[in-house]
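Trainee: fold the following for me, if possible:
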Amino acid sequence: SAQIQALIDDHPGCTILFPSGRTWVVADLVLPDGARIEVDGTVAMAGGAHPTATLFTTTEEPHANVHITGRGVLVGNLYAQNSNAHHELIRLHACSDCSVTGLRLGGNARKNPPNPLVQPQGACLHINGAERFVARDLRFHNYSEEALWCFDCHHSVITHVHTSQDAGRTAGWSGIQLKGDHNILSHIQVRNSGASGVSVDAAYSIVSDIMIDGTQFFQGLNLGHSGKVPSYSRVTNVIVRNAAQFGINVGFGTTGVQFSNVLVDGAGSHGINVSNLATGIIFSGVNLRNVKGYGIYLWGAVVSVVDADLTHVLATSKLRAGGAEAPDGEGYALGVANVLNGGQLEFRNVRLSWDYPLWSTLDTSAAYEIINDNISQYSAMRLVPLNLAAAQAMAFLTPLGAGKVRVDFVNPPTSSARVRYAID
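Mentor: Numbering: from 1, shown residues only. The predicted structure is shown next:
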């Protein structure tokens, strides 16, 4: 490491080549501004390296024009490490106009962590703040916490990236996690990830051509965490298979995100989950299959669902929503629960899987506007009280036009009155 570091320091602006057919064992090579590393051979982590070691890194001051490329391999040399090691292979700080391209990376996973969601592990490629960063043509295998973690990245591009874990291996967090704004994430394949396949907290960004197959803990595609919302982004051409929980999750407070051409085939819970106070969320061209929970589950959100096929939503047992049960062996094609003040739900050309095309439970904290263009007459909608408080609240319907009604409550009680509405 010391000899290679001296070579890097003594030749600023030059390309440092690691030729094919050879293996270099190093740790913590620090790259200055303008550094260019080309790896055609193998660069491996030194055995017994300290727990937070990297192969290539920068200091925490801002850096520019650092490029790591080649056709070779970066490997964490897992089985030569201490049990508490959580190495990152590349860690770049506060970089602008930097790139990582063409490489294969992996083998930095922690040895059998007791809880991969709690215990620190480290990403395989970690970008901690960036402007105009590019990650392209990368393959990750048996990585640690994330394969690729771009934190606080802006105007950056991540494209043609493949991540995978061996079957049966306990994984960490996401295959790819992206936070920032004005980014492009495209042509991504993620297999056997941990918490989420792809997690996006990036606003005003484009997410396209995403394939996710298998998550161990949570979502296939996750958009947004509390306080980190991907508002006004566009998501298109997404396939999610075999998600442990939700196929797609839209986080709290997300605004103005549009989805198109979405397939979820296999989810342990809901096909699509939209959290509280998400507004202006549009799904078009949705196909949900083999979903054990609700096809689409909305929590106090303003959501439109257009051109959706939910005819293959399944369940292995009874499911419950506000006291109403689906028949044995059948799941809800579309479920709506805990609608908060101002919630608005619009469904147009949605094919559903059983006799009630749409039903839901509402409370009485306010009036709700429900739009369903699957029906043409107001008389096709009805309300059923689910408890005594709901009957006392005297819920009734007001027509607002074809396929659009307003649910009002007279003298809403202080208790939680609940009703079910159904569109036949």
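
Trainee: quick one, phi/psi of the nearest residue to residue 225 once chain neighbours are set aside?
Mentor: Leaving out its chain neighbours, the residue that sits closest to residue 225 by Cβ to Cβ, 6 or more residues apart in numbering is residue 251, at 5.5 Å. The way it works is simple: take the backbone N, C-alpha and C, and place the C-beta from them, glycine included. Backbone geometry at residue 251, expressed as degrees, to the nearest 10, gives phi -80, psi 170.

Trainee: ok, residue 251 to residue 146 distance?
Mentor: From residue 251 across to residue 146, the span is 18 Å (Cβ to Cβ, to the nearest Å).

Trainee: more neighbours: which of those two?
Mentor: Ranked by neighbour count (other Cβ atoms under 10 Å), residue 251 and residue 146 place residue 146 first, with 30 against 25.

Trainee: name the element that one belongs to?
Mentor: Assessed by DSSP states H and E, residue 146 sits outside every helix and strand.

Trainee: what pLDDT is listed against it?
Mentor: What the model reports as pLDDT for residue 146 is 90.

Trainee: OK, contacts around it?
Mentor: Contact partners of residue 146, counting by Cβ atoms under 8 Å, 6 or more residues apart in numbering, are 123, 124, 126, 172, 173, 174, 175, 176, 177.

Trainee: would you mind measuring from it to residue 109?
Mentor: Look at residue 146 and residue 109: by Cβ to Cβ, they are 11 Å apart.

Trainee: do the same with residue 71
Mentor: Residue 71 is 23 Å from residue 109, by Cβ to Cβ.

Trainee: quick one: which of the two has more around it?
Mentor: residue 109 (28 against 14).

Trainee: for the nearest residue to that one once chain neighbours are set aside, phi and psi?
Mentor: Nearest residue to residue 109 in three dimensions, chain neighbours excluded: residue 144, at 4.6 Å (Cβ to Cβ, 6+ apart). Dihedral angles of residue 144 (phi, psi; degrees, to the nearest 10) stand at phi -100, psi -120.

Trainee: excluding chain neighbours, what is closest to residue 82?
Mentor: Spatially, and ignoring its direct neighbours in sequence, residue 82 is nearest to residue 48 (6.1 Å; Cβ to Cβ, 6+ apart).

Trainee: rewinding a little: show the contacting residues for the residue nearest to residue 225.
Mentor: Residue 251 neighbours (Cβ under 8 Å, 6+ apart): 222, 223, 224, 225, 226, 228, 229, 230, 275, 278.

Trainee: what's the neighbour count on the second one?
Mentor: Put plainly, it is residue 223. With other Cβ under 10 Å as criterion, residue 223 counts 30.

Trainee: so what sits opposite it in the bridge?
Mentor: residue 200, residue 250 (DSSP bridges).

Trainee: that one and residue 257, how far apart?
Mentor: In terms of Cβ to Cβ, residue 223 sits 6 Å off from residue 257.

Trainee: quickly list what's touching both of the two.
Mentor: 230, 233, 235, 250.

Trainee: hmm, residue 223 and the last one touching each other?
Mentor: Yes: the pair formed by residue 250 and residue 223 meets the contact definition of Cβ atoms under 8 Å, at 5.2 Å.

Trainee: now residue 68, which residues is it bridged with?
Mentor: Note on residue 68: beta-bridge partners by DSSP bridges are residue 37, residue 100.

Trainee: ok, now which ones touch it?
Mentor: Contacts for residue 68 (Cβ under 8 Å, 6+ apart) come out as 31, 36, 37, 39, 56, 90, 99, 100, 101, 103.

Trainee: could you redo the last one with a cut-off of 10 Å?
Mentor: The contact partners of residue 68, by Cβ atoms under 10 Å, 6 or more residues apart in numbering, come to 16, 31, 35-39, 43, 55-56, 74, 89-90, 92, 98-103, 125.
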